[in-house]
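A.B. asks: sharing a model that was predicted from the sequence below.
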Amino acid sequence: MTASLRPRYPKAFRPLAGTRVLSLALNLPGPAAAARFRALGAEVCKIEPPSGDPMRDLSPALYRAMHRGVPVRSIDLKTEAGQEALEAELRRSDLLLTAFRPAALRRLGLSAQALAARHPHLSTVAIVGYPGAKSAVAGHDLTFQAEAGLIDGPRLPSTLLADMSGALLVVEAALGALLQAKAANRGSYLPVALSDAAAFIAVPRALGLTRDGAILGGALPEYGVYRCADGYVAVAALEPHFARALADAAGGRTRRHIARWCRAHRAAELDAVARQHDLPLQAWAA
């Protein structure tokens, strides 16, 4: 988990060194984005309410991974003292991350207009559920995925696609805002909607590429998940040279040939064959 949160950039690659990010964003997308900023060399600080971040109770391990190296202050922003402490932090920061709905931001004095008046240098990325007129509508990763057509039936999704891809869109928006602020000497206020992140992830499916029976939905025997002797193997031999190499290894390129070959080998054996023959396979014991 930690490796995926902190990409394997060279140690000397710190393009955001000297940039200070202040996060008020609770739950998953904001802290995930903050972890990426840390990987890029930024100084990241976080303010949490006295009740803490709900993620800490839902998954202590995930909370620790997301907040490694991030100092966290507990401040009640609804009090005068809390507002004064927040203002001091904002004056020192280049980028603010929020994850409140617009009405809550207005109550805290953190609307786009209020921030521009008090802190014209500051760029803000505001994480919201839905864009525009729907920005006050309640939602969560599950509802964003459902709206984007990423859920089939009653089974829960295997991961939080909208939250995690939304974190990457937050980083993208923030990098653009920081570049523009450097050129214009003035910050930007950019909302990032998690529903838009889910819709972006869903584009191949929406265009029919991965639906049942489509080219990446089961139509090609060279692209699928098969049983092996002790688990499963993901086969992704799409390009012609990969398909030919798979056919040579499996003794044919039909679904029957590939399925029989997979069942005859254990996961470790298939991984070894993949390395030997330069095949895009990934097997795992189950």
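C.D. replies: Good, I have the coordinates.

A.B. asks: compute the first-to-last residue distance for stretch 108-128.
C.D. replies: End-to-end distance for stretch 108-128: 16 Å, by Cα to Cα, to the nearest Å.

A.B. asks: residue 85 against residue 75, yeah?
C.D. replies: Yes: if you go by Cβ atoms under 8 Å, residue 85 and residue 75 touch, sitting 5.2 Å apart. (C-beta placed from N, C-alpha, C; glycine too.)

A.B. asks: phi and psi next, for the residue positioned nearest the centre of the chain.
C.D. replies: Of all residues in the chain, the one closest to the mean position by Cα atoms, centre = their mean is residue 164, 2.0 Å from it. Per-residue torsions, residue 164: phi -70, psi -40 (degrees, to the nearest 10).

A.B. asks: what sits closest to it if chain neighbours are left out?
C.D. replies: Spatial nearest neighbour of residue 164, excluding adjacent residues (Cβ to Cβ, 6 or more residues apart in numbering): residue 32 at 6.1 Å.

A.B. asks: tell me who's in contact with that neighbour.
C.D. replies: Residues in contact with residue 32 (Cβ atoms under 8 Å, 6 or more residues apart in numbering) are 5, 66, 163-164, 167.

A.B. asks: for it, helix, strand, or coil?
C.D. replies: At residue 32 the chain is in helix, as set by DSSP: H, G, I helix; E, B strand; the rest coil.

A.B. asks: just the pLDDT for it.
C.D. replies: pLDDT recorded at residue 32 is 97.

A.B. asks: and if you look at residue 136?
C.D. replies: For residue 136, the pLDDT comes out at 89.

A.B. asks: so it touches residue 104, yeah?
C.D. replies: No: Residue 136 lies out of contact with residue 104 (Cβ under 8 Å); the separation is 9.6 Å.

A.B. asks: who's in contact with the residue in the chain sticking out farthest from the centre?
C.D. replies: Farthest-out residue of the chain from its mean C-alpha position, per Cα atoms, centre = their mean: residue 251, at 39.9 Å. Applying Cβ under 8 Å, 6+ apart, we find residue 251 in contact with 257, 261.

A.B. asks: chain center to stretch 112-120, what's the gap?
C.D. replies: Remark: stretch 112-120 is offset 28 Å from the chain centroid, using Cα atoms, centre = their mean, to the nearest Å.

A.B. asks: quick one: buried residues of that stretch?
C.D. replies: 112, 115-116, 119 (16 or more other Cβ atoms under 10 Å).

A.B. asks: circling back: out of residue 85 and residue 75, which sits in the more crowded spot?
C.D. replies: When residue 85 is set against residue 75 and neighbours are counted by other Cβ atoms under 10 Å, the residue ahead is residue 75, at 19 against 16.

A.B. asks: ok, now which ones touch that one?
C.D. replies: Applying Cβ under 8 Å, 6+ apart, the residues contacting residue 75 are 47-49, 82, 85-86.
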